[in-house]
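Asker: how would this look folded up:
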Amino acid sequence: MPNPWQFYHQDQINSVYAVTNAAGSVLERYLYDPFGLPDVRDASWGARTLTAIGNPWLFTGQEWRSDLGLSNYKARWYQPTLGRFMQNDPVRFDAGDLNLYRYCGNDPLNRIDPSGEREVDIYIWEQHLIPGPTNRWAGHVMITEANSTEVKLSQYMKKPGEESQASGPNTKFEYRDTMIEQKDLPTKIFRAELSNDVAFDASVADHVGRKTWDYYPDLSNETHCSRAGYDALQAGGLPLPKNDKQVMPGTLGRELDKLAKPAKEGEKQKVRRIELSETPLMKKPTR
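Answerer: Down below sits the predicted model:
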């Protein structure tokens, strides 16, 4: 077993690239080919056949079984030499891919699949009063890839640093700009498994491409953060009720809370509340 005082350093898709000790000295390094075949190195980049420190956590943070040449993705096993899963997708064609064995749509450099299914994190800032000259009420919804700063949706009516309005040009903020804009930590954070990531991505593209952010998005070219998040998660396979009326951050948060209740026997829980420590957000950033 790995020493509990070893520290894991991960890249943008959560692959472990180095392990250090408590003093900060590198114990072992790791390289990968595009589809995740690991190449183990010592601290000086010398080649190793196997890990010398008992570390099983490698590509996208998953367990690597060197004896099998496979990564354990929980719902199924992944073969990096072939760049595909060994079992078909447990949600089958509901994932939106005719190839039931394909890994992340053949885009391993930008996408991850930590459970054998697509996961996203949903950050909810429920409505609260922001004191100031206008005493405005605000809330927000941001969706990222699971345990990642890669933002899929975080829609505002302005550019970072500008004053908020009731309507404006629809703009997607990146992770850091969102956290600065919100000033406070999110009220709730959820992690959700999506059964149809193709439809989710299509809905995301639709809402990011809309011209106008509006507090009451009535037209096809209008959106806001909550409407975009609600529609995309619903398209991705979450059983959210149909809602053609105004959707607020609290609305989405309450519906996700319902889905996050313990699943019945024999059912798989698709949504769960997660802690701050399970996200990249460990402290509030500053400009």
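Asker: that's a strand at residue 143, yeah?
Answerer: Yes. Counting by DSSP: H, G, I helix; E, B strand; the rest coil, residue 143 is part of a strand.
Asker: contact partners for residue 84?
Answerer: By Cβ atoms under 8 Å, 6 or more residues apart in numbering, the contact set of residue 84 is 78, 101, 102, 103. Glycine gets a C-beta too; all of them are placed from N, C-alpha and C.
Asker: recalculate using a threshold of 6 Å.
Answerer: Listed by Cβ atoms under 6 Å, 6 or more residues apart in numbering, the contact set of residue 84 reads 101, 103.
Asker: pLDDT score for it?
Answerer: The predicted local confidence for residue 84 comes out at a pLDDT of 88.
Asker: next up, phi/psi of it, please.
Answerer: Taking degrees, to the nearest 10, you get phi -160, psi 160 for the backbone angles of residue 84.
Asker: for beta bridges, what are the partners of it?
Answerer: For residue 84, the residues forming beta bridges with it (DSSP bridges) are residue 79, residue 102.
Asker: how much space between it and residue 21?
Answerer: Here residue 84 is placed at a distance of 36 Å from residue 21 (Cβ to Cβ, to the nearest Å).
Asker: go on, residue 123?
Answerer: For residue 123, the distance to residue 21 (Cβ to Cβ) stands at 33 Å.
Asker: so these two - more neighbours on which side?
Answerer: For residue 123 against residue 21, the residue with the higher neighbour count under other Cβ atoms under 10 Å is residue 123, and the figures read 25 against 13.
Asker: which ones are touching that one?
Answerer: With contact taken as Cβ under 6 Å, 6+ apart, residue 123 is in contact with 142, 186, 189.
Asker: verify the assumption that it is located in a helix.
Answerer: No. The assignment for residue 123 (three-state DSSP) gives strand, which keeps it out of a helix.
Asker: who does it form a beta bridge with?
Answerer: Taking DSSP bridges, one finds residue 142, residue 189 as the beta-bridge partners of residue 123.
Asker: looking at it now. What's its pLDDT?
Answerer: Per the predicted model, pLDDT is 96 at residue 123.
Asker: then residue 218?
Answerer: At residue 218, the model reports a pLDDT of 84.
Asker: residues near it, how many?
Answerer: 7.
Asker: helix, strand, or coil at it?
Answerer: coil.
Asker: what's the spacing between it and residue 169?
Answerer: 17 Å.
Asker: same check, this time on residue 203
Answerer: Look at residue 203 and residue 169: by Cβ to Cβ, they are 20 Å apart.
Asker: more neighbours, the two?
Answerer: It is residue 203, of residue 203 and residue 169, that has more neighbours when counted by other Cβ under 10 Å, with 22 against 12.
Asker: need the contact list for the closest residue to residue 150 other than its chain neighbours.
Answerer: Leaving aside its chain neighbours, residue 150 sits nearest to residue 144 (5.8 Å; criterion: Cβ to Cβ, 6 or more residues apart in numbering). The neighbourhood of residue 144, defined by Cβ under 6 Å, 6+ apart, consists of 121, 150, 151.
Asker: tally of neighbours for the second one?
Answerer: Translated: residue 150. When neighbours are counted by other Cβ under 10 Å, residue 150 registers 18.
Asker: same question for the last one.
Answerer: Residue 151 is flanked by 19 other residues according to other Cβ under 10 Å.
Asker: domain-wise, how is this protein divided?
Answerer: When the chain is parsed with automatic domain parsing, its domains come out as 7-106, 118-278.
Asker: which one of the ones you listed is the most hemmed in?
Answerer: By mean neighbour count, with neighbours taken as mean count of other Cβ atoms under 10 Å, domain 118-278 ranks first of these at a mean of 17.
Asker: now the residue nearest to residue 166 when sequence neighbours are not counted: how far from residue 138?
Answerer: Closest residue in space to residue 166, ignoring its immediate chain neighbours: residue 215 at 4.9 Å, by Cβ to Cβ, 6+ apart. Separation of residue 215 from residue 138 (Cβ to Cβ) stands at 11 Å.
Asker: and if you look at residue 187?
Answerer: With the distance defined as Cβ to Cβ, residue 187 ends up 12 Å from residue 138.
Asker: what residues does the helix or strand hosting residue 251 touch?
Answerer: Using DSSP states H and E, residue 251 maps to helix 249-259. Outside of helix 249-259, the residues within contact range by Cβ under 6 Å, 6+ apart are 124-127, 139, 141, 188, 190, 226, 229-230, 240, 271.
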